[in-house]
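S.K.: Can you look at this prediction? I've put the sequence above it.
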Amino acid sequence: MMHYDDARGERPRLLVVANRLPVSAKRTGENSWSLEMSPGGLVSGLLGVTSQLDTKWVGWPGVDVYNEVEKNALTKSLAEMKCIPVFLNGVFDQYYNGYCNGILWPILHHMGLPQEDQHDTNQTFETQYDAYKKANRMFLDVIIQNYEEGDTVWCHDYHLMFLPQYLKEHNNKIKVGWFLHSPFPSSEVYKTLPSRSELLRAVLTADLLGFHTYDFVRHFLSTCTRILGVEGTHEGVVYQGRVTRVAVFPIGIDPDRFIRTCKLPEVTQKMNELKERFAGKKVILGVDRLDMIKGIPQKYLAFEKFLEENPYWRDKVVLVQIAVPTRNDVPEYRKLKSQVHGLVGRINGRFGSVSSLPIHHLDCSVDFNYLCALYAIADVMLVTSLRDGMNLVSYEFVACQEAKKGVLVLSEFAGAGQSLGVGALLVNPWDVTEVSSAIKDALNMPAEERETRHRFNFQYVYTHSAKKWGSDFMSELNGAIAESEMQIRNIPHGLPQQDVIQRYSQSNNRLIILGFCGTLTEQKNSRSKEMDLKLNPELKGTLKALCNDPKTTVVVLSRSDKDILDKNFGGYNIWLAAENGMFEKHTNGEWVKSMPQNMNLDWVDSVKNVFKYFTDRTPRSFVKSSETSLVWNYEYADVEFGRAQAGDLLQYLWAGPISNASVDVVRGNHSVEVHAIGETKGAAIGRILGEIVYRKSMTTPIDFVFCSGYFLEKDEDIYTFFESKILSSKLSHETRSKSSSCNNSRKKKKISMNVLDLKKENYFSAAVGQARTKARYVIDSSLDVVDLLHKLAVADTTMTDSFSDSELYEPRNENENANLKRWINSVRRRKMEIGDTGQIGM
Ligand SMILES: O=P(O)(O)OC[C@H]1O[C@H](O[C@H]2O[C@H](CO)[C@@H](O)[C@H](O)[C@H]2O)[C@H](O)[C@@H](O)[C@@H]1O
Ligand SMILES: O=c1ccn([C@@H]2O[C@H](COP(=O)(O)OP(=O)(O)O)[C@@H](O)[C@H]2O)c(=O)[nH]1
C-alpha cells in the first residue's frame with residue numbers, strides 16, 4: 001500500500017519520464033493538432049499507475065515543432081492531459097532511430113550490434129551516442145523547469161539511461177527511480193556495447209532500479225560485476241560506497257478496464273460480427289508491433305508447418321495477425337516488413353482458396369474496443385517473441401477471455417513466460433516444430449483443461465495489476481531512500497581538509513602515517529597490468545618536502561614487502577614499515593626485524609602449494625609472497641570465476657594447511673591473503689612509534705597525527721590505536737620498551753618524555769574510499785590524499801611566507817636542489833589554481 005505522508009498534506013507528486021508521452025500529437029494544420037493514444041506496452045502499463053499519485057508525464061510529443069508559437073500551443077493542449085513535452089527536434093532521429101533503436105534495442109534483446117556498413121560504424125556510433133546524451137540532457141532541462149522539492153522522478157526505459165546521473169548531478173536530493181521495460185541481456189552480449197561502462201555507471205546513480213523478471217536482474221548484477229568489478233548482492237549493487245537497490249517488479253495491466261470494455265454493447269456487437277465473419281473456424285490471434293523481437297516470421301513458419309502437417313485444419317483455422325507499425329525510420333524494421341509480407345504471400349498462396357485465406361495480416365493498429373473484441377473471440381493467442389520485456393498483449397488476452405477461456409501459447413523468452421508459465425503452453429519460438437505442435441494442442445485442448453489453465457492465468461493477471469506494479473515500485477523507492485539516508489547518517493564525515501591544514505601548520509611535531517597500496521600508488525587504468533606497485537609520480541616532490549620538514553615525520557606502513565618499499569621510497573627521508581610492521585627501517589638505515597620472536601611460519605610451504613594449484617586453474621590469477629604472508633590475487637581474472645575459485649581455495653586451506661596454524665586469513669576484494677597471526681597495523685604502530693622517537697631523539701611530544709590509508713578491516717585497528725592515546729595522552733618510552741619485547745635486542749635508553757601529546761582536534765584518521773570504517777573521516781580516493789599532501793607540504797611556507805629551500809629540504813647535490821625549486825614553483829602554481837589562500841593562516 002502506498003502511504004500519503006507528504007509534508008505538504010497533498011498527494012505526493014510524481015514525474016513520470018519516458019521517451020513517449022501517452023498521447024502522440026499529429027499535425028492537422030497550422031497550429032492545430034490531434035492527440036492520439038500512443039501504442040506500446042509502456043504506455044498501457046503506466047496508465048494503470050498514474051491515477052494514484054499527482055502525476056505528470058514528461059516525454060516526447062511525437063512530432064517536431066520548431067516555431068515558438070506552435071510549441072506553446074501544443075504545450076498548452078498537452079498540459080490539459082498532465083503531459084509536458086520535450087521537443088527533441090534536431091536530435092530525435094540520431095537519438096531515437098539511431099542510438100535507442102539501432103544500437104541499444106538489439107543489444108538488450110540479444111540481437112547484437114548492427115554489422116552492415118561497417119566502415120561508417122564508428123562515425124555513426126559516436127554521432128548517435130552524442131545525440132543520445134544530448135537528448136537525455138534535454139529531458140533533464142524540462143524536468144528541472146517542472147520539479148518541485150519532494151517530487152519523485154521515475155525514469156523509464158533504455159532511452160533514458162543517463163537521466164538518473166544528470167538528475168543526481170543537478171540535485172543529489174531528487175528521488176530517482178529507473179525502470180527497464182525491455183530485457184537486460186547476458187553480460188556476454190552487453191559487453192560488446194562500446195559505451196557499456198558509462199551507461200551502467202549512469203543508471204547506478206538512481207536510488208532504485210527495477211526490472212520485469214529475476215533473470216534480467218541476474219544478468220544486470222553479473223554485468224555490473226564483470227564490467228565495473230562491483231559486487232551485486234540481494235540488496236542491489238554496492239557502487240562507490242553506496243548501495244543502489246535493484247529489484248524485480250513485473251508490470252501488469254488494468255484488468256478491469258478490459259473486463260468492462262468487453263461488456264460494452266458496441267464491443268459485444270463487434271464480437272458478434274467477428275464470430276460471424278469467422279464462423280466454422282477457430283481463430284488464432286497475434287497482436288504485436290512489427291518488431292524483429294516479436295518473432296513474427298517464426299510465427300508464420302510454425303503456422304505453415306502446422307498447416308503442412310495437419311491438412312484437417314487447413315480450412316478450419318485462421319491466423320489473424322495485427323502487426324502494429326513501429327519505428328519505420330529504422331532500416332531493419334522496413335526490411336522486416338517486406339520479409340513478413342513475403343511469408344504471408346507464400347503461405348496464403350500455398351494453403352488459401354478463393355473463399356478463404358489462412359493468414360489475415362493487418363499492417364495497422366486497431367482501436368481499443370476492436371482490440372478487446374478480437375481478444376475475446378480468439379480461441380488461441382499466439383505469442384512468439386524471441387525476447388520481450390514482458391509482453392502485455394498476453395495479459396490483455398487473458399483479461400478478455402473470462403467467457404471463452406481460450407489457450408495462450410507463449411514464448412518462454414517473454415517476461416510473461418515467467419508469470420503466466422503455469423497456465424500457458426510455453427514454447428521456444430525458434431523451434432518451429434514445437435510451436436506447430438503447441439498450436440495443434442491448443443486447438444484440440446479439452447474444455448476442462450482450458451478452464452484450469454485460464455484460472456491460473458486470470459488469477460495472476462487480476463492480482464498483479466499495473467496499479468500494484470506502480471505501488472510496489474514507489475514503496476520500494478521510498479524504502480530505499482529512507483535506508484540510504486540512514487546509511488549516510490552513519491557514514492563518517494568527509495575529511496575537513498582546511499582544518500587539517502590549519503592544525504598541521506600550528507603544530508610543532510607532526511606525525512603522518514600513510515598506507516601505500518591504494519593510497520600513494522599511481523592510479524591503474526583498466527589496461528595496465530602492472531603487478532608491482534608504484535608510487536604516484538605526482539607525489540614525488542611533495543613527499544620529499546614533507547619528509548625533509550624537520551617538524552614532520554612521515555611513516556609508510558604497508559602490507560607490501562621490503563623490496564617494494566625500498567624501490568619506491570629509497571630516496572626519501574622516511575620511515576618504512578614493511579609487511580604490516582614486521583620489518584621497519586629509516587631509509588638511512590637497515591631493515592630491522594620487528595616481528596615477535598617465536599613466530600611460526602611452518603604453514604608457508606603448504607599454503608604455497610594450494611595457491612599454486614589454484615593459480616594454475618584460474619587464468620590471470622597470481623601469487624605474491626613476502627616473509628610473513630602469501631597473497632593469491634585474482635583481480636585480472638573473470639570476477640565471478642575468481643570469486644568461486646576463492647571460495648573453493650578457502651575450503652582447501654581450512655581443510656588442510658591452516659587448520660591448526662597461527663595465521664590470519666583475509667578475504668580481500670579480489671584476493672585471499674594468509675598472514676602470520678598478530679600482524680595488524682594497529683599492533684605494529686606502537687612499537688614503530690617507540691623506535692622512531694628513540695632513534696630520532698625527539699625532544700617535543702608529537703602533537704598532530706594524520707593517519708590515512710586504504711586498509712583492510714582488520715588493519716583499521718591503527719585508527720583506534722590513536723583514539724586510546726588521546727584519552728590517556730601518554731605513550732612513554734617505557735611503553736615502547738614493553739611493547740617491543742620482540743627480537744630487537746639492542747639496548748635502548750629510556751627517556752621519560754611523553755611521546756604523544758595529542759589533543760582530540762589534532763588527530764585526523766581518514767579511510768580512503770571506504771564507507772564503513774573505524775576512522776573518524778573518509779576520503780573519496782587516493783587523488784584526494786595527493787591533493788591534501790600537496791597542501792600540507794606548502795602549508796608552512798604559506799604561513800610564514802618564507803619558503804626557504806633549506807627549511808624544507810636539504811639537497812644532496814645541486815641537481816636535486818634545482819629539481820626541488822622546480823617542484824616548489826609547480827606547487828605554488830597549483831595552489832594558486834586551486835585558489836586556496838588565507839585560510840591556512842597567512
Ligand atoms: O515507443 P516505441 O518505440 O514505439 O515502442 C513501444 C514500446 O516498446 C517497448 O515496450 C516494452 O514495454 C512493455 C511494458 O513494460 C513490455 O511489456 C514490452 O515487452 C517491452 O517491449 C519499449 O520498451 C517501450 O519503451 C516503448 O514505448
Ligand atoms: O493496435 C494496437 C495493438 C496493441 N496495442 C497495445 O500495445 C501494447 C503492446 O505491449 P506489449 O507489452 O505486448 O509490447 P510492446 O509493444 O510494448 O513491446 C499493448 O498494451 C496493446 O494493447 C496498441 O496500442 N494498438
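M.R.: In hand now; what should we look at? Ligands and ions are numbered 1, 2, ... in the order given.

S.K.: Can you pull the residues of this structure lying near ligand 1?
M.R.: Residues of the chain found near ligand 1 (C-beta under 6 Å from any ligand atom) are 19-20, 40-42, 45, 157, 181-182, 251, 326-327, 388-392. Backbone N, C-alpha and C define where each C-beta goes, glycine included.

S.K.: try it again with 8 Å
M.R.: Contact residues of the chain with respect to ligand 1, defined by C-beta under 8 Å from any ligand atom, are listed as 18-20, 38-45, 96, 100-101, 156-159, 180-183, 212, 251, 289, 291, 293, 326-327, 385, 388-392, 414-416.

S.K.: List the ones among these that fall in helices.
M.R.: The helices, defined by DSSP state H, take in G41, L42, V43, S44, G45, L392, A416 from the residues of the chain next to ligand 1.

S.K.: Just the buried residues out of the residues of the chain next to ligand 1, in ChimeraX syntax.
M.R.: Selection of buried members from the residues of the chain next to ligand 1 for ChimeraX, criterion 16 or more other C-beta atoms under 10 Å:
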select :18,19,20,38,40,41,42,43,44,45,96,100,101,156,157,158,159,180,181,182,183,212,251,289,291,293,326,327,385,388,389,390,391,392,414,415,416
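
S.K.: quick revisit: show me the two of the ones in helices among the residues of the chain next to ligand 1 that sit farthest apart.
M.R.: Farthest-apart pair in these is V43 and A416; separation 17.2 Å (C-beta to C-beta).

S.K.: Name the residues of the stretch 101-250 of the chain found near ligand 2, please.
M.R.: Taking C-beta under 8 Å from any ligand atom as the test, the list of the stretch 101-250 of the chain residues beside ligand 2 reads H181, S182.

S.K.: Let me know the pLDDT of the closest residue to ligand 2 within the stretch 101-250 of the chain.
M.R.: Distance from ligand 2 to each residue of the stretch 101-250 of the chain (C-beta to the nearest ligand atom) is smallest for H181, at 6.9 Å. Confidence per residue is given as pLDDT, and for H181 that number is 97.

S.K.: need the contact list for it.
M.R.: Taking C-beta atoms under 8 Å, 6 or more residues apart in numbering as the contact definition, H181 lies against G41, L42, G45, H156, D157, Y158, H212, I251, G389, M390.

S.K.: From the centre of this protein, give me the residue that's furthest out.
M.R.: With distances taken from the mean C-alpha point of the chain and given as C-alpha atoms, centre = their mean, the most distant residue is V354, at 58.3 Å.

S.K.: Distance check, that residue against K281.
M.R.: Computed as C-beta to C-beta, to the nearest Å, the V354 to K281 distance reads 16 Å.

S.K.: likewise A482?
M.R.: A482 sits 57 Å away from K281, taking C-beta to C-beta as the criterion.

S.K.: swap in V17?
M.R.: If you go by C-beta to C-beta, the gap between V17 and K281 works out to 45 Å.

S.K.: just L443 next, same as before
M.R.: In this structure, L443 lies at 11 Å from K281, with C-beta to C-beta as the measure.

S.K.: lowest-pLDDT helix or strand in this protein?
M.R.: For the chain, scoring each helix and strand by mean pLDDT, DSSP states H and E identifies helix 805-808 as the least confident one, at a mean of 34.

S.K.: got the phi/psi numbers for the spatially most central residue of the chain?
M.R.: If you average the C-alpha coordinates of the chain and look for the closest C-alpha using C-alpha atoms, centre = their mean, you land on L204, 3.7 Å from that point. L204 has phi and psi values of phi -70, psi -10 when expressed as degrees, to the nearest 10.

S.K.: Compare V17 and K281 (neighbour count), which wins?
M.R.: V17 (26 against 15; other C-beta atoms under 10 Å).

S.K.: Distance-wise, check the more buried one relative to R196.
M.R.: When C-beta to C-beta is applied, the distance between V17 and R196 equals 23 Å.

S.K.: now do A545
M.R.: 42 Å.

S.K.: Repeat that for S505.
M.R.: For S505, the distance to R196 equals 46 Å [C-beta to C-beta].

S.K.: Give me the more crowded residue out of these two.
M.R.: Neighbour comparison, S505 and R196: the larger count goes to S505, with 21 against 17 (by other C-beta under 10 Å).

S.K.: Only the buried residues of the helix or strand the more buried one falls within, if you could.
M.R.: Element membership for S505 (DSSP states H and E) is helix 497-506. Residues of helix 497-506 classed as buried by neighbour count (16+ other C-beta under 10 Å): Q497, V500, I501, Q502, R503, Y504, S505.

S.K.: what's the spacing between whatever residue of the stretch 601-750 of the chain ends up closest to ligand 1 and T192?
M.R.: Per C-beta to the nearest ligand atom, the residue of the stretch 601-750 of the chain with the smallest distance to ligand 1 is E640, at 27.7 Å. Spatial separation of E640 from T192 under the definition C-beta to C-beta is 18 Å.

S.K.: Also G229?
M.R.: 18 Å.

S.K.: Repeat that for K696.
M.R.: As defined by C-beta to C-beta, K696 lies at a distance of 58 Å from T192.

S.K.: One more: Q165?
M.R.: When distance is defined by C-beta to C-beta, Q165 is 22 Å away from T192.

S.K.: Now do the same contact list for the closest residue to I293 other than its chain neighbours.
M.R.: Counting by C-beta to C-beta, 6 or more residues apart in numbering, the nearest residue to I293 once its immediate chain neighbours are dropped is H109, at 4.6 Å. Under the criterion of C-beta under 8 Å, 6+ apart, the contact list for H109 reads S182, P183, P185, M292, I293, L386, R387, D388.

S.K.: what pLDDT does H109 get?
M.R.: Per-residue confidence at H109 stands at 98 (pLDDT).

S.K.: Do you know the pLDDT at the residue of the stretch 401-550 of the chain at minimum distance from ligand 1?
M.R.: Proximity to ligand 1, evaluated over the stretch 401-550 of the chain using C-beta to the nearest ligand atom, is greatest for G415 at 6.2 Å. What the model reports as pLDDT for G415 is 97.

S.K.: which residue sits closest to L362 in space, ignoring its chain neighbours?
M.R.: Leaving out its chain neighbours, the residue that sits closest to L362 by C-beta to C-beta, 6+ apart is I322, at 5.3 Å.

S.K.: which of the residues in the helix of greatest length in the chain are buried?
M.R.: Looking only at the chain and at elements set by DSSP H, the helix with the highest residue count is helix 118-146. For helix 118-146, a neighbour-count test (16+ other C-beta under 10 Å) marks 124-125, 128-129, 131-133, 135-136, 138-140, 142-143 as buried.

S.K.: For T618, grab phi and psi.
M.R.: The phi and psi torsions at T618 (degrees, to the nearest 10) take the values phi -130, psi 100.
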